[in-house]
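In: my questions are about this predicted structure, shown below with the sequence.
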Amino acid sequence: MNQDGHESSDFPGSFIYAGVTGLMGLAGLFVAGRAGHGAPYYGGLAFFVFAVLFVFLLIKHAYDKAEGLASGGLPLFVRFAAAAAIGYLVQGFAAAAIPDKATLAAVVAGVVVFAVLAAVDRIAVRAE
């Protein structure tokens, strides 16, 4: 509800988020397609998967809001587990290319994934 007591619609904001995220997901696919192998390939695919999951999250929150359900967002342990899993995968991929910096790459990837999930959670919960 806004200041006048009328319920405001979040449809335009969600529609814009979904559209921009979809375009960035397609850009990730083009990056992966042009790269062929290596970090750009896996990064483009990972970005596409993230974009698809984010659009699904926006759809879920739109239906939850329409049904009057309130969501508290992702639990902290889910964000931590996702960040640890992605960090482990990055460490495995980076071990062959940059063995002396593989652990650093894993930590950075884990922190970035955790931060992105926290930001997505904040956006999704604030939109309700």
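Out: The structure has been received and is ready for your questions.
In: can you pull the buried residues of the helix or strand harbouring Phe114?
Out: Element membership for Phe114 (DSSP states H and E) is helix 102-126. By 16 or more other C-beta atoms under 10 Å, the buried positions in helix 102-126 come out as 102, 105-106, 109-110, 113-114, 116-117, 120-121, 123-124. (Glycine included, C-beta is placed from N, CA and C.)
In: try stretch 31-42
Out: Val31, Ala32.
In: what degree of burial does Phe77 show, as a neighbour count?
Out: Phe77: 8 surrounding residues under other C-beta atoms under 10 Å.
In: then the one 5 residues further on?
Out: As a burial measure, Ala82 scores 16 neighbours (other C-beta under 10 Å).
In: so that it lines up with my notes, have the first residue be 499 from now on.
Out: In the new numbering, first residue 499, that becomes Ala580.
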